[in-house]
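Asker: from the sequence below, what's the structure:
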Amino acid sequence: MTSHFVVLGAGFAALTAARTLRDKDPQARITLVAPKAEFVYLPSLIWVPTGVRKSSELTIDLAPFLRRMRIDFVAGEVTGLQDGGRTVLTTAGPVDNDGLIIATGGRFIKKLPGIEHAIALCEGVAAAEKIRERLLAMDSGRIACGFGGNPQEPVAVRGGPMFELLFGIDTWLRRQRKRDRVELVFFNASDKPGQRLGEKAVTGLLSHMARRRIDTHLGHKPLRFTAEGVETEGGFVRADLILFMPGLTGPGWLHNTELPRSAGGFIQADAHCAVPGFDRVFVAGDAGSFPGPDWLPKQAHMADLQAKAAAANLLLAMQDKPAAHVPKAELVCIVDTVDSGILVFRDENKTVVLPPSRAFTWAKRWFEGKYLKEYRTA
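Answerer: Below is the predicted model:
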């Protein structure tokens, strides 16, 4: 009998899981459930505000990919689960399955008062375009850039893109000959932001800010945002434009299920990306909380590794075999500055930080094209 696998989401983890299932089980029926049949290449959103990329170049219509891979698509939002995960409840109706991979991503924690005064880059192309509009209209003033976290789950933070956005804006302002009239300030509750990248990387990033004359306001928890700036426990940071990445938590629909949740609100997973207590239900990417080192990243590369392991273990479960695949804990990041890049690599054995090089920024762009080719090919 042909198995029916359902994958929730249309991001990195979801698409990698669907591809892995198809590669390993050519006869399976696979259904992807997401609001839209499109993929947004989030890592390159950092380039939209400075005009290196257009949002249209990063938004991929998945219809050709889905046809080629023989994957059905349900346009709907997930609202809950029933029957131990065998039925997914969606706004388009129930979707039954023989095996389920959850990869709907997380959501931002927007509890700080006045959060509407800040723009969060990774919310999508609309946010990136809004930042670009504000930059083009700014001839002088002050830009404050920072990121927050999840106090119940320290790994649930996405700080890398904010470092890249900050450095990219600095480069762009210099090219536009506006930098002397536009101040930049980086704020964070930690006095050593970006710890997941490693001590050496943090020191290098802060030194890079100093060389670029970027002010810092560190070690003070943000309290609220206003139209005039950021109020923190250590004082007020004046700003005409606030760019802030909130911490992450799990998907909202999770509360309508009996799925186990971590302290930070994510779907709890074991070392094999399986959801404890739920048969043939796996999770990958930002929706899950996974065992591993305290620097385990919430990034596309790690989501891909988790998705491959989840798909392979699901196929084993269908054969009543024990899970055998554990995703490697690995962080790979090129902190781009538009005109150069800093390579950071970390696994459980070592941390490597290579100094700024133009080769790295071109490597980042090359990888983008290579990755997207799979989804652009009809």
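Asker: so who does Ala284 touch?
Answerer: Residues counted as contacts of Ala284 (CB atoms under 8 Å, 6 or more residues apart in numbering) are 13-14, 16-17, 101-103, 273, 303, 306-307, 309-310. From N, CA and C alone the C-beta is placed, and that goes for glycine too.
Asker: among those residues, which are in strands?
Answerer: Of the contacts of Ala284, the ones assigned to strands by DSSP state E are 101-102.
Asker: next SSE downstream of the helix or strand bottoming out on mean pLDDT in the chain?
Answerer: The weakest-scoring helix or strand in the chain, judged by mean pLDDT, DSSP states H and E, is helix 199-211 (a mean of 88). Next helix or strand after helix 199-211 toward the C-terminus (DSSP states H and E): strand 215-218.
Asker: pairing partners for the helix or strand following that next one, with directions?
Answerer: Sequence order places strand 222-226 as the next helix or strand after strand 215-218, per DSSP H and E. Strand 222-226 has these partner strands in its sheet, going by DSSP bridges: strand 229-232 (antiparallel).
Asker: now do the strand it pairs with: everything it contacts.
Answerer: By CB under 8 Å, 6+ apart, the residues outside strand 229-232 that reach it are 142, 144, 146, 187, 189, 217, 220-225, 236-239, 242, 244.
Asker: out of those, which are buried?
Answerer: Judged by neighbour count, with 16 or more other CB atoms under 10 Å as the criterion, the buried members of the contacts of strand 229-232 are 142, 144, 146, 187, 189, 217, 220, 222, 225, 237, 239, 242, 244.
Asker: which one of these is nearest to Gln268?
Answerer: Using CB to CB, Ala189 is the member of the buried ones among the contacts of strand 229-232 that sits closest to Gln268, with 25.8 Å.
Asker: tell me the contacts of that closest one?
Answerer: Contacts of Ala189 by CB under 8 Å, 6+ apart are 148-149, 219-222, 232.
Asker: tell me where the stretch 251-378 of the chain has strands.
Answerer: Secondary structure of the stretch 251-378 of the chain, counting by DSSP state E, counting those that start in this stretch: strands at 267-268, 281-283, 288-289, 330-336, 341-347, 351-357.
Asker: now the fifth one and strand 351-357, what's the angle there?
Answerer: Going back to what we said before, that points to strand 341-347. Here the directions of strand 341-347 and strand 351-357 differ by 170 degrees (axes from the mean of the first three to the mean of the last three CA atoms, to 10 degrees).
Asker: in the stretch 101-250 of the chain, which spans are helices?
Answerer: Taking DSSP state H, counting those that start in this stretch to define them, one finds helices in the stretch 101-250 of the chain at 125-137, 160-175, 199-211.
Asker: could you do the stretch 251-378 of the chain as well?
Answerer: Assigned by DSSP H, counting those that start in this stretch, the helices in the stretch 251-378 of the chain fall at 300-318, 358-376.
Asker: just want the most central residue of this protein.
Answerer: Note on the chain: the residue nearest the mean C-alpha position is Gln299, at 4.9 Å, using CA atoms, centre = their mean.
Asker: right, and that one touches Cys333 too?
Answerer: Yes: counting by CB atoms under 8 Å, Gln299 sits close enough to Cys333 to count as a contact (7.0 Å).
Asker: name the residues contacting each of these two.
Answerer: Both Gln299 and Cys333 are in contact with Gly160, where contact means CB under 8 Å, 6+ apart.
Asker: return the member of the contacts of Ala189 nearest to Leu121.
Answerer: Set against Leu121, the nearest of the contacts of Ala189 by CB to CB is Gly148 (13.2 Å).
Asker: got the contact list for stretch 363-370?
Answerer: The set of residues external to stretch 363-370 that reach it, using CB under 8 Å, 6+ apart, is 41, 43-44, 334, 336, 341.
Asker: same question for stretch 19-26.
Answerer: Outside stretch 19-26, the residues that touch it by CB under 8 Å, 6+ apart are 3, 5, 7, 28, 30, 69-71, 101, 307-308, 311-312, 314-315, 374.
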